[in-house]
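Student: Quick one, fold the following:
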Amino acid sequence: PAGADDRRRPGGPASAREVLVRLMKDPALRHTDPGRELLRVLNAQALALDDWTGLVEAVPSHCREAVAGLARQTATAWEWFATVLDSD
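Tutor: Residues are numbered from 1 along each chain as shown. So this is what the prediction gives:
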């Protein structure tokens, strides 16, 4: 069911997978070690909306606080990364 949680879930007009496929074809990323590392990290992060839902359901209650904390730290790091990219 659609609700407030749906608005906060990952996703957008262009799927992460579509964007990643385009980036993976870019020689400037594919042909350098840092570029390949970035593509590997992005690939690991590019989950479809349904995959995120499945991951939420897989976290046992006793691990939720720790996983939520790690997710927030990762989100903060990605936000910093995006801000740096936007400022150049």
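
Student: Tell me who's in contact with the residue positioned nearest the centre of the chain.
Tutor: Taking Cα atoms, centre = their mean as the criterion, Gln45 is the residue nearest the geometric centre of the chain, at 3.7 Å. Contact partners of Gln45, counting by Cβ atoms under 8 Å, 6 or more residues apart in numbering, are Ala16, Trp78. Every residue, glycine included, has its C-beta placed from N, CA and C.

Student: where's it relative to Asp86, distance?
Tutor: Per Cβ to Cβ, to the nearest Å, Gln45 is found 18 Å from Asp86.

Student: would you list every one of the helices in the protein?
Tutor: 4-8, 16-24, 27-30, 33-45, 49-58, 64-87 (DSSP state H).

Student: I'd like the mean pLDDT over the first one, please.
Tutor: It refers to helix 4-8. Mean pLDDT, computed over helix 4-8, is 48.

Student: cool, the third one as well?
Tutor: Average pLDDT, helix 27-30: 96.

Student: Please export the C-alpha coordinates of it as CSV.
Tutor: Coordinates of each C-alpha in helix 27-30 appear next as CSV, following Å, rounded to 0.1, in the frame of the first residue of the first chain:
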residue,chain,number,x,y,z
PRO,A,27,35.5,4.7,-20.5
ALA,A,28,36.5,7.5,-18.1
LEU,A,29,35.2,5.3,-15.2
ARG,A,30,35.8,1.8,-16.6
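
Student: what's next to that helix, contact-wise?
Tutor: By Cβ under 8 Å, 6+ apart, helix 27-30 touches Leu23, Met24, Gly35, Arg36, Leu38, Leu39.

Student: Might one say that the first one is in contact with Val41?
Tutor: Spelled out, it's Leu23. No. In this structure, Leu23 is not within contact of Val41 by Cβ atoms under 8 Å, at 11.4 Å.

Student: quick one: the closest residue to Leu55 other than its chain neighbours and Ala58, what's the gap?
Tutor: Excluding the flanking residues, the one nearest Leu55 by Cβ to Cβ, 6 or more residues apart in numbering is Leu47, at 7.4 Å. As judged by Cβ to Cβ, Leu47 and Ala58 stand 12 Å apart.
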